[in-house]
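Chemist: Structure, please.
(chains A and B)
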Amino acid sequence: MFCPQCGASNADNAAVCVQCGRNLQAVIPVPPIQTPGVVLPPGASMQNYLVFAILATVFCCPATGIPAIIYAAQVNGKLQAGDLAGAKAASDNAKLWCWISFGVGIVGTVLYILLIMLGLLSGLHSS
Amino acid sequence: MRIRVQLRKRRVLAAVLLLGTAAIILLRVFDPATSGIFPPCPIRYLTGLYCPGCGSLRAMHALLHGELAQAWAMNPLMIVMLPFVTYGLVSAALLELRGNGLPEIMLPAKWIRAFCVLVVLYAVARNLPLYPFDLLAPGAMLHL
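Modeler: Here you go, the predicted structure:
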């Protein structure tokens, strides 16, 4: 086992840590650190996408970013209330609105680039 | 199968990081106010109104040049939000990379809703031609 205090490797039945001397018998087993590929039980890592919702509001489209923030709030609210299914639904909605905002942002940028190119072309034409 | 998903995620993450770095370099080199290579805010372009995000690119340009006052004047709300957003983005990247992000700050739903209201009020205030609200318009604080 690994010492929860210093991380040193100890025998599984060790009473104290060989490195730092911490009592290992009274230690409550620490939940294993999630490693890539470990499937979490549903609800364990409920994302609210708040950061992306804020980014979407600022950089993409406030009109579609605000619903994403509202759903992000709903995720936390439902998690606090213990409503896992509701939190999952809100999480999916938050994600959806983030993607919609992102799409609007991309379309806007592409349109802008097209407009500039058209402007350049017409500029070349007239000169 | 899982390894393949992991590999794909890492590729996506690498692409996103690359794009992010490119964006930061572009923002450092070119001034969004004058260069014209960054798209203007569509809302500003179509309606003439400032949105909550207006001035963000100019603020980041100023920040990348260490001009805090200039950045603050362009979009104070964005400057306030930046540390939180950065933390969240780093956490999201770590979540993809190693399966767990930074310690999550569980915000009460009420706070997030209040933030939402703040964003809307901020958008309205920036457009009011009324002192002191007009100071929130991008760059207005530079002309005090």
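
Chemist: A:S101 against A:V58, yeah?
Modeler: No: A:S101 lies out of contact with A:V58 (Cβ atoms under 8 Å); the separation is 10.0 Å. For every residue, glycine as well, the C-beta is placed using N, CA and C.

Chemist: Ramachandran coordinates for A:S9?
Modeler: Note on A:S9: its backbone torsions stand at phi -80, psi 130 [degrees, to the nearest 10].

Chemist: for it, what are its contacts?
Modeler: A:M1, A:F2, A:C3 (Cβ atoms under 8 Å, 6 or more residues apart in numbering or on different chains).

Chemist: 6 Å instead?
Modeler: A:S9 is in contact with A:F2, counting by Cβ atoms under 6 Å, 6 or more residues apart in numbering or on different chains.

Chemist: Can you tell me how far it is from chain B?
Modeler: 21 Å (Cβ to the nearest Cβ, to the nearest Å).

Chemist: ok, that residue to A:V16 distance?
Modeler: 14 Å (Cβ to Cβ, to the nearest Å).

Chemist: Same check on B:R126?
Modeler: B:R126 is 62 Å from A:V16, by Cβ to Cβ.

Chemist: For the lowest-mean-pLDDT helix or strand in chain B, give me every contacting residue.
Modeler: When each helix and strand of chain B is scored by mean pLDDT, DSSP states H and E, helix B:42-47 comes last, with a mean of 82. Applying Cβ under 6 Å, 6+ apart, the contact partners of helix B:42-47 are A:G108, B:C51, B:C54.

Chemist: May I see the buried residues of it?
Modeler: Buried residues in helix B:42-47, counting neighbours by 16 or more other Cβ atoms under 10 Å in any protein chain shown, are found at B:P42, B:I43.

Chemist: Using PDB, list the CA coordinates for that helix.
Modeler: Listed next in PDB are the C-alpha coordinates belonging to helix B:42-47 (Å, rounded to 0.1, in the frame of the first residue of the first chain):
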ATOM      1  CA  PRO B  42     -21.800  40.400 -35.100                       C
ATOM      2  CA  ILE B  43     -24.200  42.000 -32.700                       C
ATOM      3  CA  ARG B  44     -22.300  45.300 -32.800                       C
ATOM      4  CA  TYR B  45     -22.000  45.000 -36.600                       C
ATOM      5  CA  LEU B  46     -25.700  44.400 -37.100                       C
ATOM      6  CA  THR B  47     -27.300  46.500 -34.400                       C
END
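
Chemist: immediately after it, which helix or strand?
Modeler: Per DSSP states H and E, the first helix or strand lying C-terminal to helix B:42-47 is helix B:56-64.

Chemist: hmm, that next one in reach of chain A?
Modeler: Yes: for helix B:56-64, a contact with chain A is found by Cβ under 6 Å from any Cβ of the partner chain, at B:S56.

Chemist: ok, longest helix in chain B?
Modeler: helix B:2-29 (DSSP state H).

Chemist: Revised request: answer the last question for chain A.
Modeler: From DSSP H, the single longest helix across chain A is helix A:84-126.

Chemist: what packs against it?
Modeler: For helix A:84-126, the elements it packs on are helix A:62-80, judged by 3 or more Cβ pairs under 6 Å, 6 or more residues apart in numbering or on different chains; DSSP states H and E.
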